[in-house]
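A.B. asks: no sequence for this one, just the structure:
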Ligand code: NAD
């Protein structure tokens, strides 16, 4: 299959690109290279004849038309987005422009391309989204595919809007779409401003490890390579017009996740004082959702998918990766606003 992956220089998109190429798919990586992108993430496949890169912005319709006409993909996997909740609170505009208007542009470009196909039934548009669109849970319950949308941050609202657009393009125009909503990802190549790398890097440098509120917010955690595997499965086998929740069945309070990472740091740096001493509770994020939990029954029973990595194993691999790959993350610390978020600026 030839797959156009948008956002393929980001965290999850690059995992999809690497896995798709490893499985013999041809991949066109379309990315505008924002502050969150890094072509190093796809360095392992960039010399492959199966791989091509196009620097383009999903808000630029003419560029999308040109790239679709030039590469003629069988599928689009749409991951390009502004993705950091805290940045969406500080500056929501970019989130509306890329996640909503950009997705609209891509849908329209995809629709025109699909309608001009000789075999339109072979084409698929896979929209990648988040469990944050469902809002916040109480102590019990899980998000299913039919949970009503209730986004509460500019980021999740922009992703919810994009999900609605994708469904509307299926119902109205018949565009062959599949959707997925996934829980929090972690793993190698995660941009340094996100929670797991912030904990690792601040622990490494002996800086305060910021934990929002009382640390009791609960998230479900999924190793990024397992997410990429699930995404390729849904692309190939998912029912058109349907959505699939993807989760790791690994619910954890933020504070417990942070303590687990600190324990790995203690093991890998036995000469350092216990890293937990660096944990510092900070004022909570406005509108911070208390609990997310994913019910992945559908993807498990209908498509036979299961995560391959436990959160213990995934976090061990991730911490070891960050310690071994300082040349990857050090240059990113000087990018736009990252120092402020890590407390290094
Ligand atoms: P990321 O921020 O690491 O990567 C996003 C990529 O999109 C970057 O390479 C960036 O350059 C590119 N991009 C941004 N704006 C663009 C534009 N206008 N045109 C072209 N490219 C643009 O994000 P991520 O964590 O890899 O998330 C990827 C997708 O998965 C997003 O849609 C996100 O909502 C979704 N998602 C993320 C998580 C998570 O835990 N990170 C969980 C569920 C779903």
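C.D. replies: Received the coordinates, thanks. Model, not experiment: these values are computed from the prediction. Numbers count the residues shown, from 1 in each chain.
A.B. asks: Any idea which residue of this structure lies closest to the ligand?
C.D. replies: In the chain, the residue that lies nearest the ligand is residue 10 (2.0 Å; C-beta to the nearest ligand atom). For every residue, glycine as well, the C-beta is placed using N, CA and C.
A.B. asks: Report how many residues lie close to that residue.
C.D. replies: Neighbourhood size, residue 10 [other C-beta atoms under 10 Å]: 26.
A.B. asks: For it, give me the pLDDT.
C.D. replies: Here, the pLDDT recorded for residue 10 equals 98.
A.B. asks: same check, this time on residue 345
C.D. replies: Residue 345 is given a pLDDT of 60.
A.B. asks: Please enumerate the strands of the stretch 51-200 of the chain.
C.D. replies: Applying DSSP state E, counting those that start in this stretch to the stretch 51-200 of the chain gives strands spanning 51-55, 75-78, 124-130, 177-182, 184-186.
A.B. asks: Residue 155 is nearest to which of the ones you listed?
C.D. replies: Nearest to residue 155 among the strands of the stretch 51-200 of the chain is strand 124-130; the distance by C-beta to C-beta comes to 8.1 Å.
A.B. asks: what about that closest one and the ligand, any contact?
C.D. replies: Yes. Residues of strand 124-130 contacting the ligand under C-beta under 6 Å from any ligand atom: 128-130.
A.B. asks: likewise stretch 207-225?
C.D. replies: No. Figure legend: stretch 207-225 not in contact with the ligand (C-beta under 6 Å from any ligand atom); closest approach 7.8 Å.
A.B. asks: Can you list the buried residues in that stretch?
C.D. replies: Buried residues in stretch 207-225, counted by 16 or more other C-beta atoms under 10 Å: 209-212, 215, 217-225.
A.B. asks: now stretch 311-324
C.D. replies: Applying 16+ other C-beta under 10 Å to stretch 311-324 flags 311, 314-319, 321-322 as buried.
A.B. asks: hmm, it in reach of the ligand?
C.D. replies: No. Counting by C-beta under 6 Å from any ligand atom, no contacts exist between stretch 311-324 and the ligand, the nearest distance being 12.8 Å.
A.B. asks: A helix includes residue 47, no?
C.D. replies: No. Counting by DSSP: H, G, I helix; E, B strand; the rest coil, residue 47 is not found in a helix; it is coil.
A.B. asks: Give me the local confidence score for it.
C.D. replies: pLDDT at residue 47 comes out at 98.
A.B. asks: could you give me the average pLDDT of stretch 51-66?
C.D. replies: 98.
A.B. asks: for that stretch, which positions count as buried?
C.D. replies: Buried residues in stretch 51-66, defined by neighbour count with 16+ other C-beta under 10 Å: 51-54, 56-59, 61, 63-64.
A.B. asks: which residues does the closest residue to residue 82 other than its chain neighbours contact?
C.D. replies: In space, residue 82 comes closest to residue 95 once its chain neighbours are excluded; the distance is 4.6 Å by C-beta to C-beta, 6 or more residues apart in numbering. With contacts defined as C-beta atoms under 8 Å, 6 or more residues apart in numbering, residue 95 is in contact with 82, 87-88, 154-155, 158.
A.B. asks: If we use 10 Å, what do you get?
C.D. replies: 81-85, 87-89, 102, 153-159, 161 (C-beta atoms under 10 Å, 6 or more residues apart in numbering).
A.B. asks: and what of residue 279?
C.D. replies: Shown in contact with residue 279 (C-beta under 10 Å, 6+ apart): 199, 202-203, 208-211, 215, 255, 258-259, 262.
A.B. asks: run the last query once more with 7 Å
C.D. replies: 209, 211, 258 (C-beta atoms under 7 Å, 6 or more residues apart in numbering).
A.B. asks: Check residue 13 too.
C.D. replies: Residue 13 makes contacts with 5, 7, 79, as judged by C-beta under 7 Å, 6+ apart.
A.B. asks: which stretch of helix or strand covers the first one?
C.D. replies: What it means is residue 5. Using DSSP states H and E, residue 5 sits within strand 2-6.
A.B. asks: any idea of the angle that strand forms with strand 124-130?
C.D. replies: Inter-element angle recorded for strand 2-6 and strand 124-130: 30 degrees (by axes from the mean of the first three to the mean of the last three C-alpha atoms, to 10 degrees).
A.B. asks: Distance from the chain centre to strand 2-6, please.
C.D. replies: Remark: strand 2-6 is offset 16 Å from the chain centroid, using C-alpha atoms, centre = their mean, to the nearest Å.
A.B. asks: Identify the residue nearest residue 122 in space, chain neighbours excluded?
C.D. replies: Here the residue nearest residue 122, using C-beta to C-beta, 6+ apart, is residue 74, at 5.9 Å.
A.B. asks: circling back to that earlier point, looking at the strands of the stretch 51-200 of the chain, which is closest to residue 235?
C.D. replies: Taking C-beta to C-beta as the criterion, strand 124-130 is the member of the strands of the stretch 51-200 of the chain that comes nearest to residue 235, at 4.8 Å.
A.B. asks: Residue numbers of the stretch 151-300 of the chain in contact with the ligand?
C.D. replies: By C-beta under 6 Å from any ligand atom, the part of the stretch 151-300 of the chain that sits against the ligand consists of 159, 182, 184-185, 191.
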